[in-house]
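>>> give me the fold of what follows.
(one chain, ligands or ions: 2)
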Amino acid sequence: MGVPARLPNLMLRTVAIIGHGAIARYVRAQLPALNITEIAAIVRPGKEIGDSTPPFISDLNDLPSRPDLVIDCGGHQALAAHGPVALALGIDVMTVSLGALADLQIERSLRDAGIAGGARLHLVSGAIGGLDALRSAAVGTISQVSYTGRKPPNGWRGSPAEAAIDLDAITAPTPHFNGTAREAALTYPKNANVAAAVALAGIGFDKTQVELIADPTVTENIHEIAVQGAFGTFHFQIAGKGLPDNPRSSTLAAMSIVAALAEMQKPIGF
Ligand SMILES: NC(=O)C1=CN([C@@H]2O[C@H](COP(=O)(O)OP(=O)(O)OC[C@H]3O[C@@H](n4cnc5c(N)ncnc54)[C@H](OP(=O)(O)O)[C@@H]3O)[C@@H](O)[C@H]2O)C=CC1
Ligand SMILES: O=C([O-])CC(=O)C(=O)O
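Ligands and ions are numbered 1, 2, ... in the order given. Got it, this is the predicted structure:
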């Protein structure tokens, strides 16, 4: 039997990206180095631009050709709107909007569409690390997973923290949420995707405990995981720099998409 010169099923050549915000722009800029072409940007209705390169479309039925992957950098609503359509068409989807999976209806529609279309939803690690250890730990019994998200006050603008505390007045670390990862992910769609990632890698949305803190003494987005289980214990902490055009989102979240794309290109990888 002849040996193929390449491994075509492993090669990723074309993508469509949902969103044109801070994360999408970072990812888009890295595509040439990965030899990946963006065939369309998927934007909200009313923001279509047909004659740009790539075209800005709002409906996957208007894709100029079939991409190898749809990358969601648009947030929960974007994943809910376009993820099931892509998956049902048999197109894999990669998402940074993990918190959307806390909504059981969205989770079911993505799951059903993926099964029907024979396609997979790939979750990226986002702004956190240590999820590999947590996934392995979850093979045994885990007694506790807690996640603490700490950002400067500006990192919580546009979130329910604004109603809970006075972001302009605080002078010390101030918690504004304590609860489960499901509540956090549903209530803070732009800020608690990391809580969702920790939940999905470990013991689920309802057993993972979350605390969110506005901290005027820090300049970075600090994410901590503490885990106890049959494997032992671990503690993970990262201080991530925010993206220049959106301090709410850590640069590592965008980097995790690029890393996942690079990984999909390799015949040997994680
Ligand atoms: N997993 C993780 O660690 C992290 C996940 N995230 C998730 O990533 C999302 C994007 O982050 P970021 O790029 O910084 O945010 P931005 O606000 O900079 O950009 C969001 C982009 O998504 C677009 N968008 C929103 N809804 C839709 C939709 N229904 N269809 C198409 N496009 C849409 C927006 O368009 P418009 O300008 O028209 O509104 C905008 O271009 C966050 O909302 C958050 O959910 C963020 C950080 C970390
Ligand atoms: O980017 C970050 O630091 C984390 C974030 O917004 C999220 O979890 O949604």
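
>>> and the lowest-mean-pLDDT helix or strand in the chain, what does it pack onto?
Least confident element among the helices and strands of the chain, by mean pLDDT, DSSP states H and E: strand 246-250 (a mean of 93). On a contact count with 3 or more Cβ pairs under 8 Å, 6 or more residues apart in numbering; DSSP states H and E, strand 246-250 meets helix 22-30, strand 242-243. Where you see a C-beta, it was placed from the backbone N, CA and C, and this is true even at glycine.

>>> hey, where'd the helices end up in the chain?
22-30, 76-88, 104-117, 131-137, 161-164, 181-187, 193-201, 251-264 (DSSP state H).

>>> thought S146 was touching T208?
Yes: S146 lies in contact with T208 (Cβ atoms under 8 Å); the separation is 7.4 Å.

>>> could you spell out the sheet neighbours of the least confident helix or strand of the chain, each with its direction?
Strands that pair with strand 246-250, judged by DSSP bridges, come out as strand 242-243 (antiparallel).

>>> contacts for the strand it pairs with?
22-23, 26, 155, 220-221, 248-251, 253-254 (Cβ atoms under 8 Å, 6 or more residues apart in numbering).

>>> contacts with ligand 1 among those, please.
22-23, 249-250, 253 (Cβ under 6 Å from any ligand atom).

>>> what is the neighbour count of the closest residue to L60 other than its chain neighbours?
The shortest distance from L60 to any non-neighbouring residue, by Cβ to Cβ, 6 or more residues apart in numbering, is to V85 (4.9 Å). The tally of other residues near V85 (other Cβ atoms under 10 Å) stands at 18.

>>> test my guess that V85 contacts A113.
Yes: contact criterion Cβ under 8 Å: V85 and A113 qualify, at 7.4 Å.

>>> before we move on, the earlier item: which of the ones next to ligand 1 among the contacts of strand 242-243 tops the neighbour count?
I23 (29 neighbours).

>>> P32 and V258, how far apart?
Distance from P32 to V258, counting by Cβ to Cβ, to the nearest Å: 12 Å.

>>> where does the stretch 151-270 of the chain dip in pLDDT?
Along the stretch 151-270 of the chain, segments meeting pLDDT under 70 are nowhere present.

>>> could you redo the last one with a cut-off of 90?
The stretch 151-270 of the chain contains residues with pLDDT under 90 at 247, 267.

>>> who in it is up against ligand 1?
189-190, 193-194, 197, 246, 249-250, 253.

>>> ok, which pair from those residues is furthest apart?
Based on Cβ to Cβ, the longest span within those runs between A197 and N246 and measures 18.3 Å.

>>> which parts of this protein sit against ligand 2?
127, 190-194, 221, 240, 248-250, 253.

>>> can I get the residues you listed in CSV including distance to T233?
CSV is the format used below for the residues of the chain next to ligand 2 (distance: Cβ to Cβ, whole Å):
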residue, distance to T233
A127, 22
K190, 31
N191, 27
A192, 24
N193, 25
V194, 20
N221, 24
G240, 23
R248, 30
S249, 30
S250, 25
A253, 26
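
>>> got the buried residues for stretch 143-154?
Across stretch 143-154, burial judged by 16 or more other Cβ atoms under 10 Å covers 145-153.

>>> one step back: most packed of the helices of the chain?
Compared across those, helix 193-201 shows the largest average neighbour count, a mean of 29 (mean count of other Cβ atoms under 10 Å).

>>> could you dump that helix to CSV, C-alpha only?
C-alpha atoms of helix 193-201 as CSV (Å, rounded to 0.1, in the frame of the first residue of the first chain):
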residue,chain,number,x,y,z
ASN,A,193,-15.8,31.6,30.3
VAL,A,194,-12.8,30.5,32.3
ALA,A,195,-15.2,29.4,35.1
ALA,A,196,-16.9,27.3,32.4
ALA,A,197,-13.7,25.8,31.2
VAL,A,198,-12.8,24.8,34.7
ALA,A,199,-16.2,23.2,35.2
LEU,A,200,-16.1,21.4,31.9
ALA,A,201,-12.6,20.0,32.6
